[in-house]
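1. return a 3D structure for these sequence lines:
(one chain, ligands or ions: 1)
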Amino acid sequence: MEHPDTHSLVTRQRRSVLITGAQGQLGAALVDVFATDAVTALSRADWDVRFPAPPDLASPDLVLHTAAWTNVDGAEDDPQGAAEVNVGGTAHAAELGAPIVAYSSDYVFDGRKGTPYVESDSPNPLSAYGRSKLHGEAAAGEQAWIVRSSWLYGPTGHNFVRTMLRLGAERDEVAVVDDQLGCPTYVGHLASATRELVYSSAPFGIWHLAAAGECTWADFAEAIFEGAGLDCRVKRITTAEFGAKAPRPAESVLRSEKDAPELPQWRDGLSECLAALGAAR
Ligand SMILES: NC(=O)c1ccc[n+]([C@@H]2O[C@H](COP(=O)([O-])OP(=O)(O)OC[C@H]3O[C@@H](n4cnc5c(N)ncnc54)[C@H](OP(=O)(O)O)[C@@H]3O)[C@@H](O)[C@H]2O)c1
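-> So this is what the prediction gives:
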């Protein structure tokens, strides 16, 4: 089914695309993938999304809203602060009046389903961050693709791959959680899938876009060390042993029951990321 607003987006010659959080890891990947459009890439300094858009900002054809409070444990200490960015910020981005991609998370689920989550499954977030993302979905309005993804990483920013590369070079052994299952998703692949989604007249609504395959954080760490040629062992520990502040879903594999663009396997994303970092063995 095609929505009239999405149709005009597809047929327009040169689209104006506004990207929030453009200096974040996904924002940077979107800037690359949408480079043939007229992109306005905004950092937090350009627009703090807790406040309405600057008055001189023209309404674009498309908004890619990645700006977010992404400190999952920090949100437990300051849930209101996380909500100001993830709920209020999304409402402000939607107020621009253009079709919007609002990114959300596997952490809207409680992880107890036992099989992969599809778009129609009921959310039940365990953490303040998850709640803020779920409320942010509702704040995105009616002209929104809610794109849920998971375990993002890329060549820039704070992420698990970059942390493991640093620790793996410093230590003989790293303790990594082995009882959470998910889909580590390369931001370059998510950015390409986003472009495919919005320019294929996909209807607004919730879409699950995550890497194919699944693994635990410990599996992921081993693949990182292997791919980078680092001689570091992975000590497999439990979530309880790790002791993070915020609860995480035990199994939050995302799959699509709709005709969503398919992303490559997580191992392929890892290879691309290591190559981009110049860290492949
Ligand atoms: N990371 C994950 O594993 C993951 C998983 C699933 C979904 N997501 C979602 O995917 C989206 C992108 O995540 P990401 O990993 O690319 O995050 P990221 O690297 O942390 O980037 C987020 C960006 O938002 C900016 N930002 C924070 N508060 C802001 C504010 N008040 N106004 C304007 N900008 C602000 C940050 O700027 P500063 O650097 O100045 O703080 C940063 O550049 C988010 O919606 C996130 O919730 C992430």
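2. once you drop chain neighbours, what's closest to Val87?
-> Counting by C-beta to C-beta, 6 or more residues apart in numbering, His135 is the residue found nearest to Val87 once chain neighbours are left out, at 4.5 Å. C-beta here means a position set from N, CA and C on the backbone, and glycine is covered the same way.
3. do the same with Gly21
-> With C-beta to C-beta, 6+ apart as the criterion, Gly21 has its nearest non-adjacent residue at 3.3 Å, and that residue is Ala67.
4. what's the burial count for the residue nearest to Val87?
-> His135 has 18 neighbouring residues, counting by other C-beta atoms under 10 Å.
5. quick check: it touching Gly88?
-> No. Between His135 and Gly88 there is no contact under C-beta atoms under 8 Å: 9.6 Å.
6. quick one: residues contacting the residue nearest to Val87.
-> Applying C-beta atoms under 8 Å, 6 or more residues apart in numbering to His135 gives the contacts Ala83, Asn86, Val87.
7. out of those residues, which comes closest to Ala276?
-> Asn86 (27.8 Å; C-beta to C-beta).
8. ok, the closest one - contacts?
-> Ala68, Trp69, Tyr129, Ser132, Lys133, His135, Gly136.
9. what of Tyr103?
-> Contacts of Tyr103 by C-beta under 8 Å, 6+ apart are Leu26, His65, Thr66, Ala68, Val147, Arg148, Ser149.
10. okay, how far is it across stretch 203-220, tip to tip?
-> Using C-alpha to C-alpha, to the nearest Å, the end-to-end distance of stretch 203-220 comes to 33 Å.
11. now Phe160, nearest residue through space, not along the chain?
-> Phe160 sits nearest to Tyr153 (C-beta to C-beta, 6+ apart), 5.7 Å away.
12. contacts only, for that neighbour.
-> Gln25, Asn159, Phe160, Val161, Arg162, Pro184, Thr185, Tyr186, Val187, Gly269, Cys273.
13. what do you get if the cut-off is 6 Å, keeping everything else the same?
-> With contact taken as C-beta atoms under 6 Å, 6 or more residues apart in numbering, Tyr153 is in contact with Asn159, Phe160, Val161.
14. of these, closest to the ligand?
-> Using C-beta to the nearest ligand atom, Asn159 comes nearest to the ligand of the contacts of Tyr153, at 6.6 Å.
15. neighbours of that closest one, how many?
-> 18.
16. gap between it and Val198?
-> In this view, Asn159 and Val198 are 24 Å apart by C-beta to C-beta, to the nearest Å.
17. around the ligand, pick out the residues from this protein.
-> Proximity of the chain to the ligand (C-beta under 6 Å from any ligand atom) is limited to residues 21, 23-27, 44, 48-50, 66-70, 85, 89, 103, 105, 133, 149-152, 157.
18. can you tell me which of those residues are in strands?
-> Tyr103, Ser105, Ser149, Leu152 (DSSP state E).
19. give me phi/psi at whichever residue of the chain sits closest to the ligand?
-> Nearest to the ligand, among the residues of the chain, is Gly24, at 2.0 Å (C-beta to the nearest ligand atom). When read as degrees, to the nearest 10, the backbone of Gly24 gives phi -80, psi 180.
20. in space, what's closest to it - neighbours in sequence excluded?
-> Thr66 (5.5 Å).
21. now do the strands in the stretch 1-150 of the chain.
-> Ranges of strands in the stretch 1-150 of the chain, per DSSP state E, counting those that start in this stretch, are 16-20, 38-42, 62-65, 100-105, 144-149.
22. redo those strands as CSV? Include mean pLDDT.
-> Below are the strands of the stretch 1-150 of the chain laid out as CSV (pLDDT from 0 to 100):
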stretch, mean pLDDT
strand 16-20, 97
strand 38-42, 97
strand 62-65, 98
strand 100-105, 98
strand 144-149, 98
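23. Asp259: which of these is closest?
-> Among those, if distance is taken as C-beta to C-beta, the winner is strand 144-149, at 13.3 Å.
24. who touches that closest one?
-> 100-104, 137, 185, 190, 204, 206-210.
25. adding distance to Ala38, write those out as JSON lines.
-> Formatted as JSON lines, the contacts of strand 144-149 follow (distance: C-beta to C-beta, whole Å):
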{"residue": "Ile100", "distance to Ala38": "17"}
{"residue": "Val101", "distance to Ala38": "17"}
{"residue": "Ala102", "distance to Ala38": "21"}
{"residue": "Tyr103", "distance to Ala38": "21"}
{"residue": "Ser104", "distance to Ala38": "26"}
{"residue": "Glu137", "distance to Ala38": "27"}
{"residue": "Thr185", "distance to Ala38": "27"}
{"residue": "Leu190", "distance to Ala38": "22"}
{"residue": "Phe204", "distance to Ala38": "22"}
{"residue": "Ile206", "distance to Ala38": "28"}
{"residue": "Trp207", "distance to Ala38": "24"}
{"residue": "His208", "distance to Ala38": "29"}
{"residue": "Leu209", "distance to Ala38": "24"}
{"residue": "Ala210", "distance to Ala38": "29"}
